[in-house]
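Novice: Sequence and predicted structure below; questions after.
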2 protein chains.
Amino acid sequence: MFRDANLDLAFQALADPSRRAMVDRLVRGPATVSELAKPLAMSLPGVMQHLAVLEASGLVISEKIGRTRTCRIEPKVLTRAEHWIAERRALWERRLDRLGQFLEDTKDED
Amino acid sequence: MFRDANLDLAFQALADPSRRAMVDRLVRGPATVSELAKPLAMSLPGVMQHLAVLEASGLVISEKIGRTRTCRIEPKVLTRAEHWIAERRALWERRLDRLGQFLEDTKDED
DNA sequence: GCAACACTTAAGTCATTACTTAAGTGTTTA
DNA sequence: TAAACACTTAAGTAATGACTTAAGTGTTGC
């Protein structure tokens, strides 16, 4: 449970606005490196490096055909990150409920 | 929509396993700095710096009473991060559905 | 009052990140 | 076949991150 390198890489990847923009583009369908680069005020090697981070995290996979590389989302890691947060929110809400119940139960005890 | 510094900070904060361990502890209820530090093989100033990152991201708030500082989760940012992912997953699933429908519709066209 | 306690600040180190420009490699098109 | 295209590699730089140790501040218990 501790030292989940997958989550490290996933959240790290999502922490950068350029990479989130790339993910945002890719959930709408596959794209080439150039297409991903177009809206980003950045050199192509810069985009490649972001892509490498996204691939290392497992959020994105890509395949080269001829001279163009096509990238697509791989949703498993995205789902895992979402679940990590959802579980913690559930714990937090459960605790709030217990707290509310406790306050309710002890409302007029003194 | 672009340049969402809140999400930058939130995902960045969650990218570190020590900070996730702290969040994990705090969703179960408030804790002092020392309590947060105990399971982390790290000096207290190290923990303080992680706490500063968590507070800067808005994931955690803390209050000092006497000589002890008590930390607690502030769930808004956690929820926002979860929603960012959930929206992208929804977009991705919607696209898969459209694609499936398209394949279904054109199944025996040739 | 003074020692233990619970942080807190400061400062230094080493690694990683987010870029850049320049110079490739292999593929396609005219 | 030569130029344009779509990356790709390499290398350099400035900033940020994740720690550390040492020294400090204010609070509490004896």
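Specialist: Now that the structure is in, tell me what you want to look at.
Novice: for the biggest helix by length in chain A, which positions count as buried?
Specialist: Longest among the helix segments of chain A by residue count, using DSSP state H, is helix A:75-105. Judged by neighbour count (16 or more other Cβ atoms under 10 Å in any protein chain shown), helix A:75-105 contains these buried residues: A:Pro75, A:Val77, A:Leu78, A:Ala81, A:Glu82, A:Trp84, A:Ile85, A:Ala86, A:Arg88, A:Arg89, A:Leu91, A:Trp92. Quick note: C-beta positions are derived from backbone N, CA and C, even for glycine.
Novice: give me the subset of those residues touching DNA strand C.
Specialist: Taking Cβ under 7 Å from any atom of the strand, there is no overlap between the buried residues of helix A:75-105 and the neighbourhood of DNA strand C.
Novice: Any chance of CSV for those residues, columns distance to chain B?
Specialist: Shown next, in CSV, are the buried residues of helix A:75-105 (distance: Cβ to the nearest Cβ, whole Å):
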residue, distance to chain B
A:Pro75, 6
A:Val77, 10
A:Leu78, 6
A:Ala81, 6
A:Glu82, 4
A:Trp84, 8
A:Ile85, 4
A:Ala86, 6
A:Arg88, 5
A:Arg89, 6
A:Leu91, 4
A:Trp92, 4
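Novice: returning to that earlier point: could you say what helices and strands the longest helix of chain A packs with?
Specialist: Using 3 or more Cβ pairs under 8 Å, 6 or more residues apart in numbering or on different chains; DSSP states H and E as the contact criterion, the elements in contact with helix A:75-105 are helix A:5-14, helix B:17-26, helix B:75-105.
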